[in-house]
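Novice: Would you be able to build a 3D model of this:
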Amino acid sequence: MAKPAADAVRVIASNRKATHDFHVHERLEAGIALVGSEVKSLREAKVTIADGWVEIRRNEAYVHGIQINEYAQANRWQHDVSRIRKLLLHKHEIEKLGTKTLIKGYTLIPLALYFKGAKVKVELALVTHKKQHDKRAAKREADDKREIDRAMKRH
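Specialist: Reported below is the predicted structural model:
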C-alpha cells in the first residue's frame, strides 16, 4: 500500500457557515494539542467545529467549542468531548492576534480542521460579523453570478 505524501492535506471538518456569517480578513494555520483518542476519533471524522472560537490568555491561544466525539474503542481512556484545547502558534503570532482581537474588535474562529501529513492542523480566521444587509447582498451576488453562468452556458 502506498504511503500518502508528507504534505498531503485531508480535510476532516470545515465551518461552511463562517463565510456566510463573517467577513474573513486574515487566515492562518495552527497546530492543536490533542490526546490519542481524539486523533483516532478525528480519523473517523467525528467532529463539529461550527461553534468554535479562540481565546487568547496569558500569551497562549485556546480553542473553545470544538466537539470531538468519543472514540468507541478507547474504553476508560476517553477524552472530554468539549474540552478546551491549546493551539500551537509562535509567540509573535499570538501577540499579533491578541492585539487585533482586543483593539480592532476582530474575532478569531476555526474555519477548517485537517490532516497535513500525519499532523492535525486548524485553519484560523480573523473575522468581523456581517450585518443582515451584507448577508442579503452576498446572497444576491451569488444568485446573479449563478444566473449569468447559466445564461452563458445556454448561448
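Novice: Show me what the helix ranked longest in the chain is packed against.
Specialist: As assigned by DSSP state H, the longest helix anywhere in the chain is helix 132-154. Judged by 3 or more Cβ pairs under 8 Å, 6 or more residues apart in numbering; DSSP states H and E, helix 132-154 is in contact with helix 18-21. (Each C-beta comes from the backbone N, C-alpha and C, glycine too.)
Novice: Kindly format the C-alpha coordinates of the helix it packs on as PDB.
Specialist: Extracted in PDB, the C-alpha atoms of helix 18-21 (Å, rounded to 0.1, in the frame of the first residue of the first chain):
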ATOM      1  CA  ALA A  18     -18.500  31.100   8.600                       C
ATOM      2  CA  THR A  19     -18.200  32.800   5.200                       C
ATOM      3  CA  HIS A  20     -21.900  33.500   5.400                       C
ATOM      4  CA  ASP A  21     -21.900  35.000   8.900                       C
END
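Novice: Could you check that helix and say which residues are buried?
Specialist: The neighbour-count criterion (16 or more other Cβ atoms under 10 Å) identifies A18 as the buried residues of helix 18-21.
Novice: pLDDT score for the residue lying closest to H20 once chain neighbours are set aside?
Specialist: Excluding the flanking residues, the one nearest H20 by Cβ to Cβ, 6 or more residues apart in numbering is K135, at 6.6 Å. As predicted, K135 sits at a pLDDT of 80.
Novice: Please name the bridge partners of S14.
Specialist: A112 (DSSP bridges).
Novice: Run through the residues that contact it.
Specialist: Counting by Cβ atoms under 8 Å, 6 or more residues apart in numbering, S14 touches I49, L111, A112, L113.
Novice: Buried subset of those, written for PyMOL?
Specialist: Buried residues among the contacts of S14 (16+ other Cβ under 10 Å), as a PyMOL selection:
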select buried, resi 49+111+112+113
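Novice: For the contacts of S14, give me TSV that also has pLDDT and distance to E123.
Specialist: Below are those laid out as TSV (pLDDT from 0 to 100; distance: Cβ to Cβ, whole Å):
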residue	pLDDT	distance to E123
I49	92	10
L111	95	5
A112	95	4
L113	94	8
